[in-house]
Each structure stands twice: as structure tokens, then as C-alpha cells.
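Engineer: any chance you can model this:
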Amino acid sequence: MFENHTYNQVIGALDSSGSLEAPYITGLARKCGSSQNWYDANYRVNGIVDGNYNSKPSYATLTNGLPPSVHGLLDDTSSTKTSVDNIYNELRLAGKNGKDYYDASGSGCSTGFNGSYHDAIRYYTDIDSTYCNSNDVSLSTFMNDVN
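Structural biologist: Numbering: from 1, shown residues only. Okay, the predicted model is just below:
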């Protein structure tokens, strides 16, 4: 997910020399699929405006499937949490790991950083600190994990 960029600015975008701007991500999108019709949390699935929200409500909607008026995360306040079900809890209950990879998060959920409102695994009250700390990881570990 690339905040503040359109799909066409990332997937398949060419630089001035004709090379892909994001070759790895473009390759993943072509091999695995992608979504071109994502709307932020300002809209419900039926297209009705739900409000005018910041980043955190959109990331919450992406990871729990509910509009902000239901999940209750209405702005970027880092300390605000919700008790709604979410993809991390579903993975945890299935005995799986749902990792968040960040280049600026520090290490684990107990470490504060300026952009923690972008780190969705931190939003949920049903994710305990042990699970959260082991699944909120540095982006530098991504390639090792997928190989």
C-alpha cells in the first residue's frame, strides 16, 4: 500500500528513462494481484460518505473491514484502540502470524515512533503485547521472511 500515490504512479509507472519506478512491487502485482478500486475510510462499501478521516482510520478499515463510524478510530491519535475483530486476531486464532513490516517503527509494539498511527497491528485490544511485539517487525526482515 502506497499512501499518497495513485495506483498508476506505482504499478507499471515508468521513469524518464523508460524503466519501471517500482519493479519489485509491479512484479508482485502482476504475479499475485492487486486492487485498483480501494477507497479510503471516508466511504462505506456502498459508496455512502462515512466522514472525513485521517490515515489511521483508513488503515483500520483495511485490516478490519469496518467503517470508522463502527470501529471507532476516527483520527490519527496513536493511543486510541478498538476492540473490533481484525485480520491479526483471525490469523492469531488460526495459529498463524500476521506481520507488519515497517522501515521506521523501531522494534515491536512497545516501542513508540512518530508514525505509529500508520501501524495497524497496534490498534487492537485483542492483540496482546507478546504477539504484537513478535509480529511488528523491521522492513529489513521482509525478504528473509518471504524466501
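
Engineer: ok, now how distant is residue 92 from residue 60?
Structural biologist: Per C-beta to C-beta, to the nearest Å, residue 92 is found 17 Å from residue 60. Just so you know, the C-beta spots here come from the backbone N, C-alpha and C atoms, and that holds for glycine as well.

Engineer: and these two? which has more neighbours close in?
Structural biologist: Neighbours per residue (other C-beta atoms under 10 Å) separate residue 92 from residue 60, with residue 60 holding more: 28 against 19.

Engineer: in a helix, that's where that one is, yeah?
Structural biologist: Yes: according to DSSP: H, G, I helix; E, B strand; the rest coil, residue 60 belongs to a helix.

Engineer: my guess is it contacts residue 118. True?
Structural biologist: No: taking C-beta atoms under 8 Å as the definition, residue 60 is not a contact partner of residue 118, at 10.8 Å.

Engineer: nearest residue to the residue nearest the centre of the chain other than its sequence neighbours?
Structural biologist: Centrality entry for the chain: nearest residue to the mean C-alpha point is residue 59, 5.0 Å, by C-alpha atoms, centre = their mean. The spatial neighbour of residue 59 that comes closest, neighbours along the chain excluded (C-beta to C-beta, 6 or more residues apart in numbering), is residue 120 at 4.4 Å.

Engineer: pretty sure that neighbour sits against residue 62.
Structural biologist: Yes: the criterion here is C-beta under 8 Å, and residue 120 meets it with residue 62 at 7.0 Å.

Engineer: looking at the two, which is more packed in?
Structural biologist: Shown here are residue 120 and residue 62; by other C-beta under 10 Å, residue 120 has more neighbours (23 against 15).
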